[in-house]
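# what follows is a predicted protein model with its sequence.
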Amino acid sequence: MIRRLEPKDAARCAELEQLLFPGDDPWPETAFHHEFAQPNNHYIGFERDGILVAYAGLSLLGPLADPEFEIHTIGVDPAHQGGGIASQLMDQLTAIADDYKGPIFLEVRTDNTPAIKMYEKYGFEQMGIRKNYYQPSGADAYTMRREPQQ
């Protein structure tokens, strides 16, 4: 089940961050509380058997007359990866941006092949590279963009 995330979900999101991004300064619970409280952010999660197993966040940037969006994060519990959960979350995020006819931007580790392939499936194209973007690991990131789909 996909649902909007609430403050009570921040601790679980932070726990998943620790599992997924241990070498790259994973977000603490307070960061999720901050993100959930922003009026232009849309955070959703995937719940299975009453347990939050995935989360994703999208931010609206700029005016509604000329919107842009940025995917802040997306993560799936390693025990639940490979079953299409990330795609279900992406379906929701891209639909929001498409409703507003806005492009979506994101950064992704250059060595995260599964994520890159998924983003490409959704029409994202690589724009550039950000050297040493992820800290403290120093991993590089691709910047990617997706034009609105009609």
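Noted; the coordinates are in hand. Here the structure is a predicted model, which means the values were calculated and not measured.
# got the phi and psi for residue 54?
According to degrees, to the nearest 10, the main-chain angles of residue 54 amount to phi -160, psi 160.
# what of residue 37?
In terms of degrees, to the nearest 10, the main-chain angles of residue 37 are phi -80, psi -10.
# quick check: it vs residue 10, distance?
Computed with CB to CB, to the nearest Å, the distance linking residue 37 and residue 10 is 10 Å. For glycine as for every other residue, the C-beta is placed from the backbone atoms N, C-alpha and C.
# give me the contacts around stretch 1-19.
26-33, 36-37, 42-48, 51-55, 73, 75, 77-78, 88-89, 92 (CB atoms under 8 Å, 6 or more residues apart in numbering).
# which parts of it are buried?
5, 9, 10, 12, 13, 14, 16, 17 (16 or more other CB atoms under 10 Å).
# hmm, residue 64 is touching residue 102, no?
No: Residue 64 lies out of contact with residue 102 (CB atoms under 8 Å); the separation is 9.0 Å.
# any stretches of this protein with poor pLDDT?
Along the chain, no part satisfies pLDDT under 70.
# what ranges do the helices span in the chain?
10-20, 29-37, 85-100, 113-121 (DSSP state H).
# and these: which comes nearest residue 133?
Closest to residue 133 of the helices of the chain is helix 113-121 (CB to CB; 14.0 Å).
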